[in-house]
Structures are given as C-alpha cells and as structure tokens.
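Visitor: Let's see this in three dimensions:
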Amino acid sequence: MIQKVNVPGVGVIGFPDSMSHQDIIAAVQKNYPDIPNKSDKSGSAVGKYRPGPIEMREYFTPEARAARRAAEQDELVSGMKGENIIANKLGTKNPIVSGALNALLPITDQAMMSGIGHAYHNVGLAGEQMLGLASHADASRDKQDAEALMRSGAGKVGDFTGYSVMSLPLAVLSPATLLGRAGLGSGVSGLAGLLTPYENSNEHINNTLTGLGVGAALPVLGTAAGSAIKNSLLGLASPEARALMAEGVKLTPGQMAGGVAKAAEDAATSIPVLGSAIQKARNQSLETFNLASVNRALKSIGQAVPKTAQAGRDALSYANKAIGDAYDATLQKMSGRLDSGIAQDIASLWNKYGGQLPKDKFSQLENTIQHEVVDRFDQSGNATGDAIKKAYSKLGQMASGFKRSGNYDDRTLGAAVKELQGSMRDMLTRNNPQHLNEALDAADDAFKQMVRVNRAARYVGAKDGVFTPSQLNSAVAATDSSRNKAAYVAGNAVMQDLADLGRKVLPSNIADSGTASRLLHASPQGLAAAAATIPLNAIYSSLGMRTAKALLAPQQGPVRNFLAELTKAQLASPRNALLAFSAMGNQPQAPNPDVPK
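Guide: Numbers count the residues shown, from 1 in each chain. This is a model prediction of the structure:
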C-alpha cells in the first residue's frame, strides 16, 4: 500500500509502504531543503533552513494513521462497481460461496454481496481461531479491513442478509412453549457468540455469554411484543365478547376486555355518579341481549324487531305476532291430501298409545284425530290451506297445554298429539312445493327458539319481560326434549350457545342505577371521589361506548387476522436472537492503528 504524505508547499507525495516515518522525514528534508520550518517558534528570519520534525510527526500519530486508513477503505468500498472482490478478505475465503455470490453480481450491489460474504467469513474465521489456525491479530486485522464495508449501508444490509440466510432453519424450528423458544434462542445466539472473531480470550467469553443472554431474552420480549401488536390489530375483546357483539349486544369496555378490566369496572360500580353510568350501560347490555335473543328467533323467517322496539314485552309481542303471521302466510298457500302416509301414521299412533293411555285419555286422542285431522279433509280427501292452518295451529296448542300439565297421563296425551301434528307436517311435505316447505320449516324453527325466550321472560325476576342470561339458560334446559336432557348436557340444546355466552360476559341481574341512594349515604370523601370521576362518565356515553368498541374490537378480516398471527409468530421466533446478536456483534469498529497490516 502506498503511503501518501502532504508536504507543505509541495503537495501529496507517495512513499513506499515499507518506509518508516523517520525515513520519510529524512527524504523530504534531503529533497526539499527550502521548505519553511513552521515548527520554529522564534519568528526570526533565518533564510533557508531544514524543516523541523514536529509537523511531519503529526502525520504519524495513531489518530492520523487511523483516519488515513479509514479514508482509504472508504475509497475502496465506494469503488465497488463490478470489481470482483468477494473472494478477497472483505468477502469470504470459501470458493463455493464466493462463486455463488459472484453469479449474482449482475443484479446485486457489489458492496452488499461483500457484506453477505463477510457474514460467512466471520463464522469461518472464528472457527479457525478456535482450531488454532488463525491468531488474534488476524481477527483484529479482519475487523479493520471490514470497517469501511460495515460503515456502508449496502455492507450492513449484506451482512444482515448473510446471517438471515444462516438463520432460516430456525424459522421452522419454533417450539410451542415460551421456555422452549427461550432455550433454543439462547443456544443459537450463544453459538453465534462463540463463532464471532475475537481479539482476546476475554472478548471470546464475553461474546458467548452475551449471545446466551440475548438469545434467552429476545423470544420472551418478542412474544410479549407480538401479543401486544396482535392485540392492537385485533383488539383486546375476548372471543365471547366478540360473539355477543356479533349478535347485536352492546357491551361496556370492561365486558369487552374481561379479566382485570372487568374486575375494575365491577369495583367502580360502588362509586357515586360513575357507578350509576356503569350500571346504566350494563342494563343496556342486558336489554340488547334480550333483543338479540328475540332477533335470533326471528332471523329464521328473515325478520328482526324494529329499532324502536323496547326490550321485554314490546319486543316479545312483536316477535310472537311475526312468527304467527309467518305460519298463516305459509299454511294458507299449502294444501293437504289424506294420503296413505298419514293414514298409516294415524294407525301407528292408535296402536302405540292404545295401551299407554287410560280409557278416557285415549278417547280424547280419538276425538282429536277425528275432529282436528280427518274432518278437515273433504270427501275427496283434500284440505284447503285455511283448513290446514287451523288444524296445524290447534294441534300445536293442544300439545303444549297437555305437556304442561302436572298429570302424567295428560303429558302422555300431549306427546301423542305432538306426534299427530308431526304426521300432519309430513303430509304437507309430501303434497306441497319445496319453497313452501322451506318457509314452514323456517317458521317452525323460529317458533321453537321463541318458546325458550318466552319461557325465560315468564320467570320470577324478569322485570317487564326482560330476562338475564341465567334465566334464558334455565329455559333452555327446561324445554330440552331430548332423552335425559342429553342435548343440554352436551351443550347443544336450542339457543344454549347464546345463553352460555351471556352468562360468561353479562351481569346476572338487572340493577337500578342507585345514584340517589349512593349520594345519600356517601361520605364527604366519597362525594369528592365521585366528583373526581365525573369525566370518566364520558366512557359510558353513547359516543364513548362506540369508541371503546372501535378500539377494543376493531373489524376483523382475513388480511388483518393473517398479519396479526404472522407478526406474533415472527417476533416470537428464536431466529430473532441470532439476527439481533449478529447486528450487535458486527457494528463498525474503529481501526486499531497499532495492529500491523
């Protein structure tokens, strides 16, 4: 390498790399004897004389030498425009890697490719050191040689890319447990520290220990950060809260988030003024739960309660009428036929209950068959839609009345009448077009669900027909007609899913606001606390609740869900430990001027 010296009054002169600074000074003094000596402090005019050594020696200070070396390396890196330097010390000594990287040169920045080679070269050099094939001085010189490359943006990108490629296997080796990820991260990052070139044994030990620590910490921190980012993308609302909101239930912030937030909201209900706002919002959640239950039933017939409808009797009346109208509109368009199928069903019913019912109850069944079924058909065996509607409705009313009786025989008679209604339904299916049968199925489904809602609204404690999730759950259990309540036990009974969601999130009772009583019994300190929490009331206003929903339960979709899960998985991956340690361990190093080249 040529040494460049700026000689005052002459300019930059190049000297062989083998010349010492004393030899350079002597050469300058011999060849340029007329140069003024600026180191002379006397200020006298002495004419021509040889220059003093002070200025020349400043050129050889460690700082100056380091600056010159850095400038030369910068010049070398900036000139990487197609020059093949990957195989030299700035890249990699591995001819296979070098050849592969060189093949990409037409489409890749040379400095970046050198950075990639530098990553692989580092690992190889550290291995040589541990095998005694390379010295500490080799590592120091290597750091100095790569210093300019690691200062360039392309070199940094290349170096990081090299370590990223080496870490790819870890992308699929991500243990399910946090402890497993921390252990794997610690192992690979500790190995990276072990395979980092070092100038002395202490640095080698420090690199390894740092790798172990960074590797253990990053998966833990990454998991926490990933969860936080996922929550910011998907919201903090619990799955149960989201399911209820999808049904149309309006929830408070505490009910949405659950856990600690819900507990804090529970405690805040005892604070005057603020507690009133919370209770009012919670009562609204119960009321909208009632409307959601009614709408669940009406959804089968393509309807919903009007937006102006009030929870309780108002909504119940609307729904029951709508379902009745759906039956009427469908049955009037259907026609009946006294075919062989219903004749066989009646005969089977006769034989089945002839031995189960007392004589008087069996006589009632016979009369019901005659008057409510057979007599509805004309002499040709046909029945009009109006006749079918009356028969179907009457059989349903009779079955429900008998089944509610406390008398066992009455309940058995009710079961028989219910089967008779089912036979009528089968006859309609055989003799009517598909679209009418589907409409009748929808009305049946709506009616079946509404039976549960109506029962819940009749329980003691349901204020003006507004029931709690627990009361709906009791109604679901009571109306489960499966053997030994098997559907309810399995969690599959009609409307049980909605009742279960409500019990997990919503309050178990409808409370009054209690504002007056709280203020009446509040201490001066309590009144002061109430005044201080007045601004928090805004959270439970209509605008505050909408804002809370937007923050805690943002609209989800395939793209948002994918990004959230991907972000969490990537941040929790143990490979980040290797990448982070590599970035820490390969920062630009100030060249050591005392290390021989």
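
Visitor: Against Gln471, how distant is Arg455?
Guide: Taking CB to CB, to the nearest Å as the measure, Arg455 falls 9 Å from Gln471. Any C-beta I mention is one placed from the backbone N, CA and C, and that applies to glycine too.

Visitor: quick one, which of those two is more surrounded?
Guide: Neighbour totals were compared for Arg455 and Gln471, and Gln471 leads with 22 against 18 (other CB atoms under 10 Å).

Visitor: Could you list the low-pLDDT ranges of the stretch 51-200 of the chain?
Guide: By pLDDT under 70, the low-scoring segments of the stretch 51-200 of the chain are 51-112, 148-149, 151, 153, 163-164, 166-174, 176, 195.

Visitor: Show me where the stretch 101-250 of the chain has its helices.
Guide: 110-130, 136-151, 153-166, 169-172, 178-194, 201-234, 239-246 (DSSP state H, counting those that start in this stretch).

Visitor: could I get those helices as a markdown table with mean neighbour count and distance to Asn492?
Guide: Shown next, in a markdown table, are these (neighbours: other CB atoms under 10 Å; distance: least, CB to CB, whole Å):
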| stretch | mean neighbour count | distance to Asn492 |
| --- | --- | --- |
| helix 110-130 | 22 | 58 |
| helix 136-151 | 20 | 64 |
| helix 153-166 | 19 | 49 |
| helix 169-172 | 12 | 38 |
| helix 178-194 | 21 | 35 |
| helix 201-234 | 18 | 28 |
| helix 239-246 | 19 | 16 |
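
Visitor: Compile the ones you listed into JSON lines and extend it with columns for distance to Val260.
Guide: Below are the helices of the stretch 101-250 of the chain laid out as JSON lines (distance: least, CB to CB, whole Å):
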{"stretch": "helix 110-130", "distance to Val260": "45"}
{"stretch": "helix 136-151", "distance to Val260": "46"}
{"stretch": "helix 153-166", "distance to Val260": "39"}
{"stretch": "helix 169-172", "distance to Val260": "34"}
{"stretch": "helix 178-194", "distance to Val260": "21"}
{"stretch": "helix 201-234", "distance to Val260": "14"}
{"stretch": "helix 239-246", "distance to Val260": "14"}
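
Visitor: Could you name the stretch from the ones you listed that's closest to Ile539?
Guide: helix 239-246 (16.2 Å; CB to CB).

Visitor: Which elements pack onto the helix or strand following the closest one?
Guide: Next along the chain after helix 239-246, taking DSSP states H and E as the criterion, comes helix 253-257. Contacts defined by 3 or more CB pairs under 8 Å, 6 or more residues apart in numbering; DSSP states H and E place helix 253-257 against helix 239-246, helix 259-268, helix 274-298, helix 542-552.

Visitor: let's see 10 Å
Guide: In terms of contacts (3 or more CB pairs under 10 Å, 6 or more residues apart in numbering; DSSP states H and E), helix 253-257 is packed against helix 239-246, helix 259-268, helix 274-298, helix 496-505, helix 542-552.

Visitor: helices and strands around the first one, which ones?
Guide: So the one you mean is helix 239-246. Where contact means 3+ CB pairs under 10 Å, 6+ apart, helix 239-246 is packed against helix 253-257, helix 274-298, helix 496-505, helix 542-552.

Visitor: Specify the angle between the longest one and helix 542-552 in degrees.
Guide: The directions of helix 274-298 and helix 542-552 differ by 70 degrees, with axes from the mean of the first three to the mean of the last three CA atoms, to 10 degrees as the criterion.

Visitor: Could you give the average pLDDT over helix 274-298?
Guide: The average pLDDT for helix 274-298 rounds to 92.

Visitor: between it and helix 259-268, how many degrees?
Guide: Using the same axes, to 10 degrees: helix 274-298 against helix 259-268 is 120 degrees.

Visitor: buried stuff in helix 274-298?
Guide: 274-298 (16 or more other CB atoms under 10 Å).

Visitor: shared neighbours, Arg455 and Gln471?
Guide: Contact criterion CB atoms under 10 Å, 6 or more residues apart in numbering; residues shared by Arg455 and Gln471: Ala462.

Visitor: Give me the helices and strands touching the helix or strand where Met450 lies, please.
Guide: Assigned by DSSP H and E, Met450 falls within helix 434-458. Contacts defined by 3+ CB pairs under 10 Å, 6+ apart place helix 434-458 against helix 274-298, helix 313-331, helix 385-403, helix 408-431, helix 469-478, helix 496-505.

Visitor: How about that helix, which residues are buried there?
Guide: By 16+ other CB under 10 Å, the buried positions in helix 434-458 come out as 436-437, 439-440, 442-457.

Visitor: List the residues that contact Ala322.
Guide: The contact partners of Ala322, by CB under 10 Å, 6+ apart, come to Val294, Ala297, Leu298, Ile301, Gly302, Gln303, Ala304, Val305, Ala443, Ala446, Met450.

Visitor: Kindly reformat the helices and strands packed on helix 434-458 as a markdown table containing distance to Glu265.
Guide: Shown next, in a markdown table, are these (distance: least, CB to CB, whole Å):
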| stretch | distance to Glu265 |
| --- | --- |
| helix 274-298 | 6 |
| helix 313-331 | 27 |
| helix 385-403 | 42 |
| helix 408-431 | 46 |
| helix 469-478 | 17 |
| helix 496-505 | 12 |
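
Visitor: Make sure Gly158 is actually in contact with Ala146.
Guide: No. Counting by CB atoms under 10 Å, Gly158 does not reach Ala146; the two are 11.1 Å apart.

Visitor: Where does pLDDT dip in the stretch 451-597 of the chain?
Guide: By pLDDT under 70, the low-scoring segments of the stretch 451-597 of the chain are 510-536, 553-597.

Visitor: now with 90?
Guide: 461, 479-486, 506-597 (pLDDT under 90).

Visitor: For the closest residue to Ile278 other than its chain neighbours, the count of nearby residues, please.
Guide: Take Ile278 and drop its neighbours on the chain: the residue closest to it by CB to CB, 6 or more residues apart in numbering is Thr269, 5.0 Å away. Residues near Thr269, counting by other CB under 10 Å, number 19.

Visitor: Over to Glu247?
Guide: Glu247 sits with 18 neighbouring residues when counted by other CB under 10 Å.

Visitor: Next up, phi/psi of it, please.
Guide: Here is the backbone geometry of Glu247 (degrees, to the nearest 10): phi -80, psi -10.

Visitor: List the residues that contact the nearest residue to it once chain neighbours are set aside.
Guide: The shortest distance from Glu247 to any non-neighbouring residue, by CB to CB, 6+ apart, is to Ala292 (4.2 Å). The contact partners of Ala292, by CB under 10 Å, 6+ apart, come to 244-250, 304-305, 311, 498, 501-502.

Visitor: which one of these is nearest Gly385?
Guide: So of these, ranked by how close each gets to Gly385 (CB to CB), first place is Ala304, at 26.9 Å.

Visitor: roughly how far apart are the closest one and Ala134?
Guide: According to CB to CB, Ala304 stands 78 Å off from Ala134.

Visitor: now do Leu338
Guide: Distance, Leu338 to Ala134, by CB to CB: 102 Å.

Visitor: likewise Asn473?
Guide: 74 Å.

Visitor: These two: which is more packed in?
Guide: For Asn473 versus Ala134, neighbours defined as other CB under 10 Å are more numerous around Asn473 (22 against 17).

Visitor: That one against Val494, yeah?
Guide: No. Applying CB under 10 Å, one finds Asn473 not in contact with Val494, separated by 11.9 Å.

Visitor: Restricting to C-alpha, output stretch 473-482 in CSV.
Guide: Provided in CSV are the C-alpha atoms of stretch 473-482 (Å, rounded to 0.1, in the frame of the first residue of the first chain):
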residue,chain,number,x,y,z
ASN,A,473,-80.2,-20.9,30.3
SER,A,474,-82.8,-22.3,32.7
ALA,A,475,-85.5,-22.0,29.9
VAL,A,476,-83.2,-23.8,27.5
ALA,A,477,-82.7,-26.7,30.0
ALA,A,478,-86.4,-26.9,30.8
THR,A,479,-87.5,-27.1,27.2
ASP,A,480,-84.9,-29.6,26.0
SER,A,481,-87.0,-32.5,24.8
SER,A,482,-84.1,-34.9,24.2
